[in-house]
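Engineer: sequence and predicted structure are below.
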Amino acid sequence: MMFYVMKPSETSFQTLEEVPDYVRKATPLFISLMLLELVISWIRKGKPLGGLDDALASLSAGIMSQLPRLFYRSIELTSYVYIWENYRLISLPWDSPWTWYLTFLGVDFGYYWFHRMAHEVNIMWAGHQTHHSSEGYNLSTALRQSVLQIYTSWIFYSPLALFIPPSVYAVHLQFNLLYQFWIHTEVIDNLGPLELILNTPSHHRVHHGRNRYCIDKNFAGTLIIWDRIFGTFEAENEKVVYGLTHPINTFEPFKVQFHHLVNIWTTFWATPGSFNKFSVIFKGPGWSPGKPRLGLIEEIPEVEGKEVPFSSSASQLLKIYVVVQFALMLAFYEETFADKAVLSQVTLLLRVCFIILTLTSIGFLLDQRPKAAVLETFRCLVFLMLCRSGHLKPCISSLSFAFEIFFSICIAFWGCNWHCLLDPVQPESALDICMPNRQVLHLNTDLTTFSNLTWCKIPADLNFHFIGGNLVKIK
């Protein structure tokens, strides 16, 4: 599927209801390829690509992006169907190979322009930035999807509804997404002549880079020819450093999804003039009064190739605990989608709330936030309440008692640890920093920057300031 190897006759359907959920069917393939990538990376470099914490944040974002589908059909389909039923000009035959290939080109062309605008229009970037926030680059990064993105992407596909049947469109909308999974990897190098036509891992690595030469390049979905035609192509040359130009340094899912919306809101009210406020929303993320529409490339922070990705300071035991809880949540997530037709709206809503609560708590634990123990205690208590009320049940009913014992132990453990996280260690002197893991860092006064601090006390005469999660020494 991801390589468009299926014949048109095998993937052509008369009605929208007949179209399979190819993305969900591909889940076992996603997992298999991620494990294969892990093995290959370990053999080549002796270590995995990216960290466990970053992979969990990516998977969490992917799960959050899918949760609305439990309640209603994607707006990319509902808007398309509405235009098709009310405004179509002609009806191309749904079972024609020519319709299939035309839709392939149309969806890919629409994706190029959506993707380009998602980088060039600030309010659209607020959704798309989620996908770029990972400082790693592996197959799990492909699953770091935005909750907001679909509310603007449908606009770029809507012209197809004037003549392409919804069932054909629905197939290619999924195929275009599936194709892009395998290009999120560093284990595949150059693919020779295919690099001229297809979007490849090499081309997409450039797109995910925060090097200046990578900014706003290679927007293609499947075919790289669109970038070559419209002047946005850039070949991979120097080492690519991944992530946002200003890393967010967190694994908390709501910040991963929505932090740029907060930035837009703050900038909007701080910017004088109605036209300038309008520009904050609809010009590029780097724009400010007096600058070009997309900002100035020289203001993008330069990278040296030695940048260390943000990582969690949690202990190995805590990371194992987080993985176990994530796996349990994932099992309930899959079961909820499988049984959504027979579950009540109340049960669906409560399960979604529990899934979101779990993802948030995991983010707090990985970030070592002060209230992490409180939130995890509450989450485990919610789990027991949902199980007792029948809204949440293990796939194997005989495990219910074991789950109750396990989560009761978790409640007792985290309840006893509230004071450890709520009462941070006080510094021994004015130059000591209390780290998230309660260790005390003795600050060297030659230090210019230190990331991931949650509390600090620095005398003002030393010109240290706490800015955006970083301790910065003003020279």
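Structural biologist: Received, thanks. Numbering: from 1, shown residues only.

Engineer: where do the strands sit along the stretch 301-450 of the chain?
Structural biologist: Secondary structure of the stretch 301-450 of the chain (DSSP state E, counting those that start in this stretch): strands at 432-434, 440-442, 449-451.

Engineer: what residues are up against the spatially most central residue of the chain?
Structural biologist: Centroid-nearest residue in the chain: Arg144, 2.5 Å away (criterion: CA atoms, centre = their mean). Arg144 makes contact with 57-59, 61-62, 130-131, 133-134, 256 under the criterion CB atoms under 8 Å, 6 or more residues apart in numbering. In short, each C-beta sits where N, CA and C put it, glycine included.

Engineer: let's have those residues in CSV, adding distance to Ile405 and pLDDT.
Structural biologist: Shown next, in CSV, are the contacts of Arg144 (distance: CB to CB, whole Å; pLDDT from 0 to 100):
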residue, distance to Ile405, pLDDT
Ala57, 30, 96
Ser58, 32, 96
Leu59, 27, 95
Ala61, 32, 96
Gly62, 31, 95
Thr130, 37, 97
His131, 39, 96
Ser133, 37, 96
Ser134, 36, 95
Val256, 33, 96
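
Engineer: which among the residues you listed gets closest to Ser397?
Structural biologist: Using CB to CB, Leu59 comes nearest to Ser397 of the contacts of Arg144, at 27.0 Å.

Engineer: the closest one looks like it's in a helix, true?
Structural biologist: Yes: counting by DSSP: H, G, I helix; E, B strand; the rest coil, Leu59 falls inside a helix.

Engineer: for it, list the residues it contacts.
Structural biologist: 140, 143-144, 326, 330.

Engineer: what's the answer for Asn122, then?
Structural biologist: Contacts for Asn122 were tallied using CB under 8 Å, 6+ apart; they are 264, 280-285, 287.

Engineer: in PyMOL, how would I select the buried members of the contacts of Arg144?
Structural biologist: Here is the PyMOL command that selects the buried residues among these (16 or more other CB atoms under 10 Å):
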select buried, resi 57+58+59+61+62+130+131+133+134+256
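
Engineer: any chance of the contacts of Arg144 in TSV, plus distance to Ile150?
Structural biologist: Output for the contacts of Arg144, formatted as TSV (distance: CB to CB, whole Å):
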residue	distance to Ile150
Ala57	20
Ser58	18
Leu59	19
Ala61	14
Gly62	13
Thr130	12
His131	13
Ser133	18
Ser134	20
Val256	17
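
Engineer: what's the closest of the contacts of Arg144 to His115?
Structural biologist: His131 (10.0 Å).

Engineer: check which helix or strand that closest one maps to.
Structural biologist: Secondary structure from DSSP states H and E places His131 in helix 122-132.

Engineer: tell me the two of the contacts of Leu59 that are most distant?
Structural biologist: Checking the contacts of Leu59 with CB to CB, the most distant pair is Arg144 and Leu330, at 15.6 Å.

Engineer: tell me the mean pLDDT over stretch 393-404?
Structural biologist: For stretch 393-404, the mean per-residue pLDDT is 80.

Engineer: over to stretch 330-347?
Structural biologist: 92.

Engineer: does Phe403 touch Lys393 like I think?
Structural biologist: No: using CB atoms under 8 Å, Phe403 is not in contact with Lys393; the gap is 9.3 Å.

Engineer: give me the more crowded residue out of these two.
Structural biologist: Phe403 (17 against 14; other CB atoms under 10 Å).

Engineer: please name the nearest non-neighbouring residue to the more buried one.
Structural biologist: Excluding the flanking residues, the one nearest Phe403 by CB to CB, 6 or more residues apart in numbering is Pro394, at 5.7 Å.

Engineer: can you give me phi and psi for the one you found?
Structural biologist: phi -60, psi 150 (degrees, to the nearest 10).

Engineer: need the distance between the two termini of stretch 155-164.
Structural biologist: End-to-end distance for stretch 155-164: 15 Å, by CA to CA, to the nearest Å.

Engineer: how about residues contacting that stretch?
Structural biologist: Counting by CB under 8 Å, 6+ apart, 76, 79-81, 83-84, 87-92, 99, 102-103, 106-107, 110-111, 113-114, 117, 169, 173 sit against stretch 155-164.

Engineer: same check, this time on stretch 260-270
Structural biologist: 122-123, 125-126, 129, 148, 277, 280-281, 285.

Engineer: and for stretch 346-358?
Structural biologist: Contacts to stretch 346-358, defined as CB under 8 Å, 6+ apart, come from residues 63-64, 67, 70-71, 253, 325-326, 329, 332-333, 336, 340, 343, 375, 378-379, 382-383, 386, 391-392.

Engineer: could you do stretch 11-30 as well?
Structural biologist: 1-2, 77, 81, 94-95, 100, 139, 143, 166-168, 170-171, 174-175, 177-178, 181, 334, 337.

Engineer: please tell me how far it is from the chain's geometric centre.
Structural biologist: Put simply, stretch 11-30 sits 22 Å off its chain's centre (CA atoms, centre = their mean, to the nearest Å).

Engineer: and what of stretch 350-362?
Structural biologist: Worked out by CA atoms, centre = their mean, stretch 350-362 lies 16 Å from the chain centre.

Engineer: before we move on, what about stretch 300-316?
Structural biologist: Its chain's C-alpha centre and that of stretch 300-316 lie 18 Å apart, by CA atoms, centre = their mean.

Engineer: average pLDDT for that stretch?
Structural biologist: 88.

Engineer: what's it in contact with?
Structural biologist: Contacts of stretch 300-316 (CB under 8 Å, 6+ apart): 50-51, 53-54, 135-136, 210-212, 215, 238-239, 241-243, 245-247, 249-251, 286, 319, 322, 365-368, 435-437, 451-452.

Engineer: quick one: terminal-to-terminal distance for that stretch?
Structural biologist: Stretch 300-316: ends 35 Å apart by CA to CA.

Engineer: what about Glu252, how many residues nearby?
Structural biologist: Neighbour count of Glu252, defined by other CB under 10 Å: 21.

Engineer: please begin residue numbering at 10 from this point
Structural biologist: Noted, 10 is the first residue going forward, which turns the last one into Glu261.

Engineer: next one, pLDDT for it please.
Structural biologist: As predicted, Glu261 sits at a pLDDT of 96.

Engineer: setting aside sequence neighbours, what's the nearest residue to it?
Structural biologist: Gly372 (3.5 Å).

Engineer: how about that neighbour, what does it touch?
Structural biologist: 66, 69, 259-265.

Engineer: okay, the residues you listed in JSON lines with secondary structure and distance to Glu307 next?
Structural biologist: Converted to JSON lines, the contacts of Gly372 look like this (DSSP: H, G, I helix; E, B strand; the rest coil; distance: CB to CB, whole Å):
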{"residue": "Ala66", "secondary structure": "helix", "distance to Glu307": "31"}
{"residue": "Ser69", "secondary structure": "helix", "distance to Glu307": "35"}
{"residue": "Thr259", "secondary structure": "coil", "distance to Glu307": "28"}
{"residue": "Phe260", "secondary structure": "coil", "distance to Glu307": "31"}
{"residue": "Glu261", "secondary structure": "coil", "distance to Glu307": "32"}
{"residue": "Pro262", "secondary structure": "helix", "distance to Glu307": "33"}
{"residue": "Phe263", "secondary structure": "helix", "distance to Glu307": "33"}
{"residue": "Lys264", "secondary structure": "helix", "distance to Glu307": "28"}
{"residue": "Val265", "secondary structure": "helix", "distance to Glu307": "28"}
